[in-house]
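1. Test case, fold it:
(2 chains)
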Amino acid sequence: MIKLFSLFLALQSVFIGVIASSPIETGVRYQTFTLNDGRFVRTQTAYTPLSSVSDIYGVSLDTPNDIVLDDAGNIYIASTNEASGSGKIIRFNLDNETVDVIGQDFLVNPTGVYVRDGQIYVADRGTGLGYQLNPDGAIAVTYTKPDSPLFGDDSFQPRKIIADARGNVYILNNGSRGLAQFTNDNVFLGYFGTNQVDASLRTVLQYFFFTDEQRANLFSLTPPEVSNMALDERGLIHTVSLGVENVGVKRLNINGDNLLGPVENRDNLLDIYVGPIGNIYTISGDGFIYEYDREGNLLFAFGGQDESNQIQGLFNVPSSIAVDDSYTIYALDQAEGELNIYLPTAFSDLVHEALSLYQAGQYAASEGPWLEVLKQNDLFDLAHIGLGNAYFSLGRYEEALEEFDIARYQSGYSDAFWEVRNAFLLENVGTYVALFFILLIIYVVNLRLKFMRYVTTPIQQGIGWVRKKSRTLDELLYVFRYLKNPADATYEIKRKERVSVLSATLLLLIYFGFYVFYIYQLGFLFNPRDISEINLLEEILRIFLPLILFVLSNYLIGSIREGEGRLKDVYITTIFSVTPYFIVLPVLAIISQGLTFNEAFLIQFVQFVALFVTVIYFFFMVKETHYYSMKETLVSLLISFFTMLILLLGAFIIYILMAELVTLITDIALEVFYRV
Amino acid sequence: MFNLAKKAFILLVLGSAPFVYAFSTEEPATTAELPEYLEERKLSSSQYTQVDDLRDVPEASYMTIHDTDEVISENDRLALYYNQSATTFKVLNKTTNYVFASHIEDPEAGTFNGLLSSAVGIDFIRLDRNYDLRQNVGLTDTIHTINESMIPGGIRLDISIGGFCATRACERFYPGYLDGTYTLEEMLDVGFTNIDIAFTVEVTLDETGVNVHIPVDSIVESSDTIRLASLTIFPGFGATKMDEVPGYMMIPDGAGALIRYEDNAGAFSSPYEAPFYGDDLGIPASRLSVSNYPLSLPVFGAVHGVYQHGFLGFVHSGDLSSRLVVYPNGSLNQPYNLMFAKYDYRRIYRQSFTTDGSAGAPRELRTLFQDIDVSYTLLDPADSHYVGMAHATREALNLSTTEHPDVPLHISYLMSDSEASFFGATLVPMTTTDAVRSMHQRFIDAGITTTDVILMGWNEGGHSGHLPTTYDIENSLGNRRDFANLYAYLNDWGDVALANSYVFAGEASDASYRRDMVSAVDRFKLTFNCGNCVYNETGVLSAASALPMMEDDLDTLNDHDIDYFDAYLGHTLSTMYQGEVIPRSDTAQIYQAMVESGRLNVANPSAYLLDALDKAYYMPSYHSSLEYFDDLIPFTATVLNRVMPLYSSYLNFNSIGDTGLLKLIDFGMFPAYILTDQPTSGLKNTDVSDFYTTEFSRWETSIIADYQMIQAAMLPVLNAELMTRDILVEGVVKKVFDNGITQYINYRSSAITIDGITLPPLSAVNDGGDA
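-> You can find the predicted model right below:
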């Protein structure tokens, strides 16, 4: 019923918020999310907003563009007064309650500001210049459009600016080219951190089939635009880009390579800031603030858009974000001319404390804080991973295993499982050795006395008796004969009606059972699926649809290409031919339970062999069923696959048309009903 | 016995010296303390109550009585004046000589001048102009006739509005129209609207203030093309200009909010607007409130000078189809601070003609079926504060107080839910009957002997998607005897209720989609879909079906002393369509009948249910966090304190630590938690995964410690009346009770000495009386 609150949202309001009188009351008008199993789940409120501020001690924010903090706790805001066509840097200190204004006599449209060692760096889009100002506001260096051919023919309209500890200045001009790197005294060095063009299937096809002229006009070949940048304490540059998922947030090394893995990011990021413990904060065009840990794992996502500007904590048009040492977030709303301040809650303080210890490698010390975080939210993946690592470092592997399992953290789970398994094996080594020797003795004695025949013979006789009694079972067991000699078996199926359709269907259902067992029981380390999301209909379609489509297509193609197989033959032999693939599934599921990533090759090897054998059987199944030559078989298979595609497409088109027709008739009826 | 002994011990221990209650600091120190200057900003934010501006109202701001104002009624305390030429009213407090008026004299509000200089205004719909809504038309804007007649205590005005000029050209031509120079057709061409709406207004005076009554049957719409949309009464009552007068406007949004009179420098472009009792789900409309709390009480009020002058508006009737409108200065480019209610006689909604809603046309629907009855209580200086308003509200609601023996602890035990599985859904058992009992016993053993329990997910299939349901227990949690024994056990320590649902129905519930689920007035089924839920569709239950359903359910529970609990019925009220339009007032009547059974408990109840309730859950402790608001105040809680126990929302999800717990003491609300026996991670694939922390073993210690602190701080004032609540410095609250106890709440993270008493950081201190 709780999710009903989310349902209400669509009806109640376009704003992000929660219906009140809720059993969960947060006091803020946005929900805060974190990740659990790769899905967004609600968590405790991490930051609470204060009332927004439109002037700082009497100085109007006008249109605020960028915000940055220095080490002394001063806050700098670059803002533009559009009416007067002038800009300024507002420098203020909330602690001392002081404010002064810099550069209003020469700045026009300052959209970027940065501070290092007291020097203030300003990107002025209005004048087309970058500035390095002394603390008193006097111009120290001016960064101008480079003459270098490396710069290209772009106009120079600096949007953002940063300076690293080595004295390099990075100016964001044309984001598609990356960051323009200058020396401290205005010598252009080249571009840095340029994004790459994704070689999607579409672009590859376009590249092959388009003319030179068309290729030259291909918009998609322009790299995603870098929209902003920040520096961390180690001097590493972080960038955010527009229109990209998973790599929208990057941490660049000196070569410009991305050091972060895939990141859960929005695709309209406007600004990035690195917080006190290397935490990364981003803000998007629709007002969402995401906080990541140093490795790019999402901690919190919150915020949203409110164009009416009536709700605290939401943005109309955000422009920039900054964070101070107490994790207080300062974010600008360009359209409303406001500064929004968000204070961390007791909950996010806890998360930061645990994270700080965890990142410092003090896993054991982080146990307490992580436990406290989990008390606040048991569905917080990162806390489970942190706690798991704490347990692991303390040698409490089984508890670590449990935590990693909850967080679905496979790498940690594998390590902990290796330790748990190792301990188990060491404890039981005597039993295993004894068991091995007993089996060895039985084997050797049996070689001489053949006493095992008293066991095997009755079993064989029993099977023979059952096969005689039950035709269906006999036909099912015929699959082993098929595996031994598919050519002969196919002949018998075709000519002697050796297997009925019913038995083949039964076999297919058994295979489906194997498959279901496999997807549920495959070891956690090797199972890419989230078991809770397995859907019966989807799985039925996944297994039965391709088989049925192939049988139909192959029969149709066979009938026009002189194939011998009847529909019934194609159906039965197709099911028999995929046996190797399905028969190993339960085996894989069982052995995967005892393996770690170190032995992953075993699973991959078995899977590969099963697939390879299945392909061989499948090929020869078609060949024998239709009595084709090798070449005819290949052609038949290719055309069958093509026919499958066409059939699917046809069914899809008919479905769409029918749905449209039904909607049309319903809408006409509705209009007549409500208007008349 | 133990309970009595414990209380006696506590009373003995509590001496006359200030008694300090601070939460244990088991939590590890945080990595970064909030700097003092940021804490100051936090405490001066709208999430806390602010220090009052205690300046006197300047004499120059006093409204005066003119020669044209004629006394039509008076008593020892008040006098009601009527201005015949302007059709406006003033009420004089004879003790303070302060005047509140129905209007503003000579307003400077541009297009609002007409409305603000009138005692009554209207909004009307033009059917011939694609349902164009003309808003805020004052009586003085219109051509009208009024028949006056004196009635006991006041006057009756039969108002007949003829026409309205929307353009200056029309106004210029109008005298010519009156003397026959121009015809009606010519006038229509220059923006004249022939309204032809009539209604009666009765204004009377009593000892408490002014009452306005508009019989709904007196409303007559004679034009074929014009329909009355809304009536506005006394739009200028209590209005102030910019920051000329110290004080504030009180809005019962959530826990309660204040908008202080200050120069907003044009920060707000639009007014605050919210319907009483929340948005109507059954009327698909473009006008939706930005509040996330329904206004549960039909009141509004303002203070002109704290402890000097104030009033409380209370909508006794007509509240089911009315909304509160508040204009802080600057909104819609006018300089006044205004607050008044609008009574919606008709509402416009959109009728879709296509299944995807892409095509449609406006339609109107009559929504007001009750007389309009609103009172303006003039507060004495001592009551001219939000606490005084709360007392006046309780009086207007006619609620009586009861004694509470102890501070109760509320626990909701979540017993089961279900998650998607290969075939349909699988039950996720979280707490068996045995587990509930053993968990509860731990609290009893810790001395928490007054409890209140709701069992959730007790039913077959679990909590989500299956409600409403008959008494069909989930057997895997315990058999019928186990459940019966559990009820008996829990009853020893307090009340027990089973969670059920009579407003919304899940897709696996006992409700029939065709028979029991209603449509909105556009005749589309009123259902909500959730893409990633186990149970995707939720419908709105017909109130007519809900009542017999509940009665049948209760019949099966007669052997047990337990109730039902509905999380939504208290604050959800919709117009419905089921063969015919069922207005909100009809739905409210049925909900009243359900609550009057005495065995249905609800969350955050609306005013029309309060009479029949003996407790309330999920009481708000915040407001809607709108930019307009300056303060958070415990208004709703102060109204209902001592009337019934008020339980907070679940403190498992309190992210602000001790501050959240101190608020309970400050607001007089009791703690509530939701618990499971099994780890919460079991819920992650269910539809209640938003309950992300519920595991008993994680919460036991802190619940006991926090409860003990809250209980100790609240017991001395549990049955005392709050007389004043003042903010001494930012973050420090001083509450004075009628039993002589003064309670201080320190929200600051540093100690402070006030009135000679040192208040530790984040603490509550009781002083005086029997504290």
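2. ok, how many other residues are close to the closest residue to chain A within the stretch 451-600 of chain B?
-> Chain A sits closest to B:Phe528 of the stretch 451-600 of chain B, with a gap of 3.7 Å, by Cβ to the nearest Cβ. C-beta here means a position set from N, CA and C on the backbone, and glycine is covered the same way. Burial of B:Phe528 is recorded as 19 neighbouring residues (other Cβ atoms under 10 Å in any protein chain shown).
3. thought it was touching B:Glu537?
-> Yes: under the criterion of Cβ atoms under 8 Å, B:Phe528 makes contact with B:Glu537 at 7.3 Å.
4. Report pLDDT for A:Glu82.
-> On pLDDT, A:Glu82 comes in at 90.
5. before we move on, what about the one 3 residues further on?
-> Turning to A:Gly85, the model gives it a pLDDT of 91.
6. Could you list which residues are in contact with it?
-> A:Val108, A:Gly126 (Cβ atoms under 8 Å, 6 or more residues apart in numbering or on different chains).
7. at 7 Å what do you get?
-> A:Val108 (Cβ atoms under 7 Å, 6 or more residues apart in numbering or on different chains).
8. Just say helix, strand or coil for B:Ala505.
-> Look at B:Ala505: counting by DSSP: H, G, I helix; E, B strand; the rest coil, its state is strand.
9. And for A:Ser319?
-> Criterion first, three-state DSSP; result for A:Ser319: strand.
10. Quick check: nearest residue in space to it, chain neighbours excluded?
-> Setting aside the residues directly before and after it, A:Ser319 is nearest to A:Gln334 in space (Cβ to Cβ, 6 or more residues apart in numbering or on different chains), at 4.0 Å.
11. coming back round to it: for beta bridges, what are the partners of the residue of the stretch 451-600 of chain B closest to chain A?
-> Beta-bridge partners of B:Phe528, counted by DSSP bridges, are B:Thr538.
12. where in the stretch 51-200 of chain A is pLDDT low?
-> A:199 (pLDDT under 70).
13. interface residues of it facing chain B?
-> A:Ser51, A:Ser52, A:Ser54, A:Leu94, A:Asp95 (Cβ under 7 Å from any Cβ of the partner chain).
14. can you do 8 Å?
-> Contact residues, the stretch 51-200 of chain A versus chain B (Cβ under 8 Å from any Cβ of the partner chain): A:Ser51, A:Ser52, A:Ser54, A:Leu94, A:Asp95, A:Glu97.
15. how far away is the residue of the stretch 301-450 of chain A found nearest chain B from B:Gly657?
-> With Cβ to the nearest Cβ, the shortest gap between the stretch 301-450 of chain A and chain B falls at A:Ala346, namely 3.2 Å. Note on A:Ala346: its distance to B:Gly657, by Cβ to Cβ, to the nearest Å, is 3 Å.
16. Now do the helix or strand hosting A:Phe404, average pLDDT.
-> A:Phe404 belongs to helix A:397-407 when assigned by DSSP states H and E. For helix A:397-407, the mean pLDDT works out to 92.
17. That one near chain B anywhere?
-> Yes: Helix A:397-407 is in contact with chain B by Cβ under 8 Å from any Cβ, via A:Ile406.
18. Which SSE is immediately downstream of that helix?
-> Heading C-terminal from helix A:397-407 (DSSP H and E), you reach helix A:410-427.
19. returning to what we had before: and the buried ones among the residues of the stretch 51-200 of chain A next to chain B, selectable in PyMOL?
-> A single PyMOL command suffices to select whichever of these are buried according to 16 or more other Cβ atoms under 10 Å in any protein chain shown:
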select buried, chain A and resi 51+52+54+94
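20. Closest one to B:Leu379 out of the residues of the stretch 51-200 of chain A next to chain B, please.
-> A:Ser51 (28.1 Å; Cβ to Cβ).
21. Quick one: residues contacting the closest one.
-> So A:Ser51 contacts A:Gln312, B:Ser45, B:Ser46, B:Glu627 (Cβ under 8 Å, 6+ apart).
22. max-length strand in chain B?
-> Longest strand in chain B, counting residues (DSSP state E): strand B:192-205.
23. Who does it pair with, and is each partner parallel or antiparallel?
-> strand B:154-165 (antiparallel), strand B:209-214 (antiparallel), strand B:220-221 (antiparallel).
24. I would like the residues contacting the second one, please.
-> Around strand B:209-214, the neighbours that count as contacts under Cβ under 8 Å, 6+ apart are B:78, B:80, B:89, B:91, B:154, B:199-205, B:231, B:233-234, B:311, B:318, B:343, B:371-378.
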